[in-house]
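Participant: below: sequence and its predicted model.
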Amino acid sequence: MVKNKRGKGFLVDPGRSPLGRVARTLILAGIILVMLPIILLSLYRLPFIHPVSTLMVKDLVTFSGYDRRWVSIDQISPTLVNSVMMSEDAKFCFHSGVDWDALNSVVSDAIDGEQTRGASTITMQTAKNLFLWTSRSFIRKGLEVPLAVITDLILPKRRLMEIYLNIAEWGPGIYGIEAAAQHHFNVSAARLSPRQAAYLAVTLPNPIVRNPAKPGRGLQTLARVNERRARGAGAYIGCVN
């Protein structure tokens, strides 16, 4: 309790009240939550920093273990990079983290009660993998969008793609393209063939169910389409060359 300016009576000091302490704690937590991704992403610009995903952290905490072998983007087959971009985000080089046209279409479909399709860019997926959980919800998507914008602002496109390819899940406990290439095809990421790259690329939307080493008829069809698109990628992949 403190005196008022006229020296008469007392007022509650909001800084010392229980409500004031809760407010200060919430404000501090909010500042930390906003600043932590910015600080981490700034560190992730450094080539010798090898980020891990939240799924990898979960596997460590639950003693599940995982296989991830970091490789630089120079040690990854360019065909794989092209294939992933054509499969997951053909506009990667041209947007600022979010494909707003695709996102608006998804929101409109959801409002109309129609079945929605994915609108996540590679940047959004990278932000999700680095900082968020995997289960789908509007809350997660709402956090994913600003995180993607921040990620695109801080990380160069080439470094962003390098991180994505090294933390993406390609099967239970299999993270990153080097571990995926070794596990599924017994070759390094640098020696992937165009067809193997296509199989790995079209596996990404559902790596737990889809197996690039044992593709069904549907996956084979998707891979053939992806392989053709990757060959004609041209200027679409200029930002990672």
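Facilitator: Noted; the coordinates are in hand.
Participant: residue boundaries of the strands in the protein?
Facilitator: Under the criterion DSSP state E, the chain carries strands at the ranges 2-3, 10-11, 67-68, 174-175.
Participant: and the third one, what does it pack onto?
Facilitator: Contact here means 3 or more CB pairs under 8 Å, 6 or more residues apart in numbering; DSSP states H and E; on that basis strand 67-68 packs against strand 174-175, helix 177-185. All C-beta atoms are positioned from the backbone trio N, CA, C, and that covers glycine.
Participant: try 10 Å
Facilitator: Strand 67-68 is packed against helix 54-61, strand 174-175, helix 177-185, with contacts defined by 3 or more CB pairs under 10 Å, 6 or more residues apart in numbering; DSSP states H and E.
Participant: what does that strand rub up against?
Facilitator: The contact list for strand 67-68, computed with CB atoms under 10 Å, 6 or more residues apart in numbering, reads 50, 52-53, 56, 59, 166-167, 169-171, 173-180, 182-183.
Participant: and the biggest helix by length in the chain, what does it pack onto?
Facilitator: In the chain, with assignment by DSSP state H, the single longest helix is helix 18-44. Packing contacts for helix 18-44, counted by 3+ CB pairs under 10 Å, 6+ apart, involve helix 122-131, helix 138-154, helix 157-167.
Participant: what is the rounded mean pLDDT of it?
Facilitator: Averaging pLDDT along helix 18-44 gives 82.
Participant: buried residues, that helix. List them.
Facilitator: Neighbour counts over helix 18-44 (16 or more other CB atoms under 10 Å) mark 37, 41, 44 as buried.
Participant: quick check: the second one touching A148?
Facilitator: Right, the one you point to is L41. No - if you go by CB atoms under 10 Å, L41 and A148 don't touch, sitting 11.1 Å apart.
Participant: overlap in contacts, the two.
Facilitator: 126-127.
Participant: for N211, give its distance to C93.
Facilitator: Going from N211 to C93 by CB to CB, to the nearest Å gives 30 Å.
Participant: over to I38?
Facilitator: From I38 across to C93, the span is 23 Å (CB to CB).
Participant: for N104, same thing?
Facilitator: For N104 relative to C93 (CB to CB), the value is 20 Å.
Participant: and the residue nearest the centre of the protein?
Facilitator: Centroid check for the chain by CA atoms, centre = their mean gives T126 as the closest residue, at 1.6 Å.
Participant: select, out of the helices and strands packed on helix 18-44, the one closest to I73.
Facilitator: helix 157-167 (4.1 Å; CB to CB).
Participant: give me the pLDDT for I139.
Facilitator: Taking I139 on its own, its pLDDT is 85.
Participant: isn't it up against L132?
Facilitator: Yes - the pair I139 / L132 is scored as a contact, 9.5 Å apart, by CB under 10 Å.
Participant: circling back: reformat the helices and strands packed on strand 67-68 as CSV; add mean neighbour count, distance to D74 and mean pLDDT.
Facilitator: Output for the helices and strands packed on strand 67-68, formatted as CSV (neighbours: other CB atoms under 10 Å; distance: least, CB to CB, whole Å; pLDDT from 0 to 100):
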stretch, mean neighbour count, distance to D74, mean pLDDT
helix 54-61, 14, 23, 94
strand 174-175, 22, 20, 96
helix 177-185, 22, 12, 97
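Participant: would you turn these into JSON lines with distance to I122?
Facilitator: Converted to JSON lines, these look like this (distance: least, CB to CB, whole Å):
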{"stretch": "helix 54-61", "distance to I122": "17"}
{"stretch": "strand 174-175", "distance to I122": "16"}
{"stretch": "helix 177-185", "distance to I122": "13"}
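Participant: count of residues packed around the residue nearest to E227 when sequence neighbours are not counted?
Facilitator: Nearest residue to E227, sequence neighbours excluded (CB to CB, 6 or more residues apart in numbering): A198, at 4.1 Å. Using other CB atoms under 10 Å, A198 has 32 neighbouring residues.
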